[in-house]
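*Asks:* Model the following, please.
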Amino acid sequence: RFWERQEETQMVREAVSRLEPTDRDIFLRHYFWRQGVRQIAQELNMNESTVKSRLKRGREKLRAILKKEDF
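*Replies:* Modelled structure (predicted):
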């Protein structure tokens, strides 16, 4: 079970690394560092709607990558 979990974690990390740099930064800030959309938007000098769109697009890309990898 432990090894399966490590393998899953590695697959997700690899998938996240395939995102475009800005999308990856936003994704990591939101889902791993728990920053809110407003804070991310302010720090990256973006509109909140842009951050939300990039988060959605990032989730879709990750889903596609992981599905392709049979995860």
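
*Asks:* just checking, Asp23 touches Val51?
*Replies:* No: counting by Cβ atoms under 8 Å, Asp23 does not reach Val51; the two are 10.2 Å apart. Yep, even glycine has a C-beta here, placed from its N, CA and C like the rest.

*Asks:* Which one's more surrounded, these two?
*Replies:* Val51 (23 against 19; other Cβ atoms under 10 Å).

*Asks:* from memory the more buried one sits against Gln35, does it?
*Replies:* No: applying Cβ under 8 Å as the test, Val51 and Gln35 come out as separate, 9.7 Å apart.

*Asks:* distance of the most centrally placed residue in the chain from Gln39?
*Replies:* In the chain, the centroid-proximal residue (Cα atoms, centre = their mean) is Phe27; its distance is 3.4 Å. From Phe27 over to Gln39 the distance is 14 Å, taken as Cβ to Cβ, to the nearest Å.

*Asks:* which helix is the longest one in the protein?
*Replies:* Determined from DSSP state H, the single longest helix within the chain is helix 48-68.

*Asks:* So which residues make contact with that helix?
*Replies:* Surrounding helix 48-68, the residues in contact under the criterion Cβ atoms under 8 Å, 6 or more residues apart in numbering are 11-12, 15-16, 18-19, 22-24, 26-27, 30, 37-38, 40-41, 44.

*Asks:* Over to Arg38. Which of the three states is it?
*Replies:* When classified by DSSP: H, G, I helix; E, B strand; the rest coil, Arg38 comes out as helix.

*Asks:* how near is the closest residue to it other than its chain neighbours to His30?
*Replies:* Setting aside the residues directly before and after it, Arg38 is nearest to Glu48 in space (Cβ to Cβ, 6 or more residues apart in numbering), at 6.0 Å. The gap separating Glu48 from His30 is 12 Å, by Cβ to Cβ.

*Asks:* Which one's more surrounded, those two?
*Replies:* A count of neighbours by other Cβ under 10 Å puts His30 above the other of Glu48 and His30, at 19 against 14.

*Asks:* For this protein, name the helix or strand with the lowest mean pLDDT.
*Replies:* helix 2-17 (a mean of 88; mean pLDDT, DSSP states H and E).
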